[in-house]
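S.K.: Sequence and computational prediction follow.
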Amino acid sequence: SQQGEEDPQALSIQEGENATMNCSYKTSINNLQWYRQNSGRGLVHLILIRSNEREKHSGRLRVTLDTSKKSSSLLITASRAADTASYFCATDRGGSEKLVFGKGTKLTVNP
Amino acid sequence: DAGITQSPRHKVTETGTPVTLRCHQTENHRYMYWYRQDPGHGLRLIHYSYGVKDTDKGEVSDGYSVSRSKTEDFLLTLESATSSQTSVYFCAISEGGRMNTGANVLTFGAGSRLTVL
């Protein structure tokens, strides 16, 4: 079964607005990662947060992690049309080398 | 997708035929993975390799086999393709978490779209 589950499944916003995506997982983890996939392309790593971290920033990305609730959120601030893509969380299930991905959130940013 | 290439990128085949997808890397990474991506299911791990001739199953390994005779190549074989194996297949590589401060970050190929009629 999927380790990570993102919500919403789809999100449509206007350029300049913030986009928030959530990820829930089931078992203990060492790290949680977020990946982005443009249409017809492979996934690209965006950001990683370790289990002992609560928040991390990278440019317009902000990731939070709540291990007590087994959940994470990805915030994209001041979104652009180029941010249109699907976003996936991935977890390592207690340090395993096997990454398990969620089903993804499809983000559409309208110009 | 630099450093990792998948071939073929597109393939149409018939039910019952064997199919082999190839993943080639130039990064000398230890770990290689095969995922499949389907609408409503996200990415699911088929098999992965943690070294030459060392492989392990993922969550959807039935109907698939893999081989890794060289560090740079990881082959995924469908012995007898079925329509349920119509999917987009992604290869990924990594150095592994234990070798990289505990963070197993994957680099993905561009994908291979397989249609089984």
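M.R.: That came through fine. Residues are numbered from 1 along each chain as shown, chains lettered A, B, ... in the order given.

S.K.: mind listing what the closest residue to residue A:76 other than its chain neighbours touches?
M.R.: Of all residues not flanking residue A:76 in the chain, residue A:19 sits nearest, at 4.5 Å (C-beta to C-beta, 6 or more residues apart in numbering or on different chains). All C-beta spots, glycine's among them, are computed from the backbone N, C-alpha and C. Each residue near residue A:19 by C-beta atoms under 8 Å, 6 or more residues apart in numbering or on different chains is listed here: A:11, A:13, A:75, A:76, A:79, A:83, A:107, A:109.

S.K.: Out of the helices and strands in chain A, which is least certain?
M.R.: When each helix and strand of chain A is scored by mean pLDDT, DSSP states H and E, strand A:4-7 comes last, with a mean of 78.

S.K.: which helices and strands sit right next to it?
M.R.: For strand A:4-7, the packing partners by 3 or more C-beta pairs under 8 Å, 6 or more residues apart in numbering or on different chains; DSSP states H and E come out as strand A:19-25, strand A:85-91.

S.K.: ok, and what's touching the next helix or strand after it?
M.R.: Downstream of strand A:4-7, the first helix or strand assigned by DSSP states H and E is strand A:10-14. By C-beta under 8 Å, 6+ apart, the list of residues contacting strand A:10-14 from outside reads A:19, A:21, A:79, A:105, A:106, A:107, A:108, A:109, A:110.
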